[in-house]
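Chemist: the sequence and its predicted three-dimensional model are supplied below.
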Amino acid sequence: MEHKAIKRIVIAGGGTAGWMVAAGLSKALGKVLDIKLVESDEIGTVGVGEATIPTLLTFHRLLEIKEQEFMAATQATFKLGIGFENWRDVNENYIHAFGTTGKDHWTAGFQHFWLKGRERGLAGDYGEYCLELQASLAHRFAHLPRDGIHYAFHLDASLYAKFLRKFSEGFGAQRIEGKIVEVKTDAESGDIRSLRLDSGIEIEGDLFIDCTGFRGLLIGETQKVEYEDWSQWLHCDSAVALQTESVGDALPYTRSIAHEAGWRWRIPLQHRVGNGLVYSSRHMDDERAIGFLQAQVQGKELTKPRVIKFQPGQRIRTWNRNCVSIGLSSGFLEPLESTSIHLIQRGILRLLQMFPSMGIRQSDIDEYNQQNKAEIEHIRDFIILHYKVTNRQDTPFWRGCRDMEIPDSLRHRIDLFRETGRVFRGPNELFGENSWIQVMLGQGIMPEQHHPTVDLMGDEELLRFLDGVRLPIQKTVKQLPMHQAYVEKYCGAPDMR
Ligand SMILES: Cc1cc2nc3c(=O)[nH]c(=O)nc-3n(C[C@H](O)[C@H](O)[C@H](O)COP(=O)(O)OP(=O)(O)OC[C@H]3O[C@@H](n4cnc5c(N)ncnc54)[C@H](O)[C@@H]3O)c2cc1C
């Protein structure tokens, strides 16, 4: 491999991924790099991807993006978690909230205290010990001192791309409109040399970032990097998206409502609601999915229903030679836990940490790919958990999920929690103890035992400990303003005031 200095960066694609990459690179290295982004209005973007997780705050902090400005520009609302309806069984609901639940002891997580409390009739629902969860149920939100509440955003994806475009251009990134008609490679090395546009212009570069969406024009179509398929575990392969007018106040959480062959999302923004139905095409055809979604949504339809096909999985190498794929071109996990934008951000931060200014080294590529693989496989397991652990047996789709084999890594986590109540977070894993416990309990796994530390407490002491968590949460939540009112005051977009 040539070790030539990397100065010219070409980003192919201007969806959420492309503009997040442009924003990250231009802010960090805009002064020393020449950054160009090519996008085609004619092709457009995937047009979905509107629910996020709290890590986006870190990205914005690094970029010094002002929250109020960003929220007003993208019609954003706050998000405290995801409500899972009908997942464990029809008419059974739970919330996977951000933040933490209760207080851990150094030997044992809070769940052990709760398990004993429950056994002794001293504890309420597990969710009563989580501030973000209680605030979600009460539809309330406010910033609290010392990062006292963990949150993310619901945002309008196309407005977010526009917002980031302005930001990136401010740091020197250059946008080029046009359709890429040819990706030229060096016959000997296989490196990408340039992109030829329909206008005839040719854009040369040293490092290419493939953000062309599912198509993977550079990494897949040109470099032929294979795609590992995960459909044996994740049976959904289609979605239909539909925007509607808002009805009622915006909830501070995403709704994920399971149905006979998948699930439906509802994402409330300031100016509209994003809706979608995710389904397995083996169990539901597109026409039925569209009708099903249209029958469920509230509010006037603002767009035509749009069907999107996908394949769950990942590229076996997300960085290949002088091409790094970020976004949908690099792999896809359904948006059940709103993790795609997070993975884009992780790709950007990793690339910045390993930026090959003195030339691309295979050791960097290997490290990048290995880290990326570990991160996405961890998220994959977490998503599979929602499907595998269910009491639903009402349709062939759910019976197929219950009966499927799962990865050993996930099997181990489930067994460990069921048998001992224990959960451990590995290095660089996105989902921590709180997430695994909320979802495992929510899906119906009740551990068989608790940690012996808890038995050192008598009933009275245990009750005092549990109520010492629960009651202050109740008090705080009562004092929070309603989410809708808070958004209007804090970051209302111009047409909302
Ligand atoms: C149904 C669904 C729901 C989702 N929901 C969520 C969610 O709630 N939260 C979340 O985090 N993520 C979600 N995602 C994922 C999220 O949408 C994507 O990660 C995000 O939008 C990034 O997409 P992208 O930029 O990689 O691709 P795209 O948006 O498809 O952008 C591709 C870009 O490449 C350009 N392009 C392609 N070919 C060419 C060419 N030949 N010449 C020039 N330009 C070209 C296009 O014009 C476009 O600008 C969802 C995805 C799907 C499918």
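Modeler: Thanks, I have the structure now. What you are looking at is a predicted structure, and each value in this text was computed from that prediction instead of being measured. Numbers count the residues shown, from 1 in each chain.
Chemist: quick check: H139 touching M482?
Modeler: Yes: here H139 lies in contact with M482, judged by CB atoms under 8 Å, at a distance of 6.0 Å. Bear in mind the C-beta positions are built from the backbone N, C-alpha and C, glycine included.
Chemist: what's the overlap in contacts for these two?
Modeler: Residues touching both H139 and M482 (CB atoms under 8 Å, 6 or more residues apart in numbering): D249.
Chemist: chain neighbours aside, what residue packs nearest to the spatially most central residue of the chain?
Modeler: Centroid check for the chain by CA atoms, centre = their mean gives T339 as the closest residue, at 1.7 Å. Residue nearest to T339 in three dimensions, not counting chain neighbours: I379, with 5.0 Å by CB to CB, 6 or more residues apart in numbering.
Chemist: tally of neighbours for the nearest residue to I180 once chain neighbours are set aside?
Modeler: The spatial neighbour of I180 that comes closest, neighbours along the chain excluded (CB to CB, 6+ apart), is L195 at 4.8 Å. Using other CB atoms under 10 Å, L195 is surrounded by 25 other residues.
Chemist: so L195 sits right up against I11, yeah?
Modeler: No: assessed by CB under 8 Å, L195 is found out of contact with I11, at 10.2 Å.
Chemist: between those two, which contacts overlap?
Modeler: In contact with both L195 and I11: 38, 208, using CB under 8 Å, 6+ apart.
Chemist: report all helices and strands that the helix or strand hosting the residue nearest to I180 contacts.
Modeler: Using DSSP states H and E, the secondary-structure element containing L195 is strand 192-197. Here strand 192-197 touches strand 180-185, strand 202-204, going by 3 or more CB pairs under 8 Å, 6 or more residues apart in numbering; DSSP states H and E.
Chemist: count of residues packed around the closest residue to E419 other than its chain neighbours?
Modeler: Nearest residue to E419 in three dimensions, chain neighbours excluded: E448, at 5.7 Å (CB to CB, 6+ apart). E448: 11 surrounding residues under other CB under 10 Å.
Chemist: pretty sure E448 sits against L416.
Modeler: No: contact status for E448 versus L416: not in contact, 11.2 Å apart, counting by CB under 8 Å.
Chemist: on that earlier part again, in its sheet, what does the strand holding L195 sit against?
Modeler: Paired strands of strand 192-197, with direction, are strand 180-185 (antiparallel), strand 202-204 (antiparallel) (DSSP bridges).
Chemist: pretty sure W114 sits against Y129.
Modeler: Yes: contact criterion CB under 8 Å: W114 and Y129 qualify, at 6.8 Å.
Chemist: overlap of the contact sets of these two?
Modeler: Shared contacts of W114 and Y129, defined by CB under 8 Å, 6+ apart, comprise 102, 466.
Chemist: what's the burial count for D459?
Modeler: Using other CB under 10 Å as the criterion, the residues surrounding D459 number 12.
Chemist: the stretch 251-400 of the chain: helices as residue ranges?
Modeler: If DSSP state H, counting those that start in this stretch is used as the criterion, the helices of the stretch 251-400 of the chain fall at 286-296, 340-353, 362-388, 396-403.
Chemist: can I get those helices in JSON lines with distance to the ligand?
Modeler: Converted to JSON lines, those look like this (distance: least, CB to the nearest ligand atom, whole Å):
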{"stretch": "helix 286-296", "distance to the ligand": "12"}
{"stretch": "helix 340-353", "distance to the ligand": "3"}
{"stretch": "helix 362-388", "distance to the ligand": "11"}
{"stretch": "helix 396-403", "distance to the ligand": "18"}
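Chemist: not counting its neighbours along the chain, what's nearest A374?
Modeler: Spatial nearest neighbour of A374, chain neighbours left out: N428 (6.6 Å); criterion: CB to CB, 6+ apart.
Chemist: wait, I meant L37
Modeler: Nearest to L37 is I11, by CB to CB, 6+ apart, at 4.2 Å.
Chemist: quick one: contacts for the one you found?
Modeler: Here I11 is in contact with 18, 21-22, 25, 35-38, 208-209, 211 (CB under 8 Å, 6+ apart).
Chemist: among these, name the buried ones.
Modeler: 18, 21-22, 25, 35-38, 208-209, 211 (16 or more other CB atoms under 10 Å).
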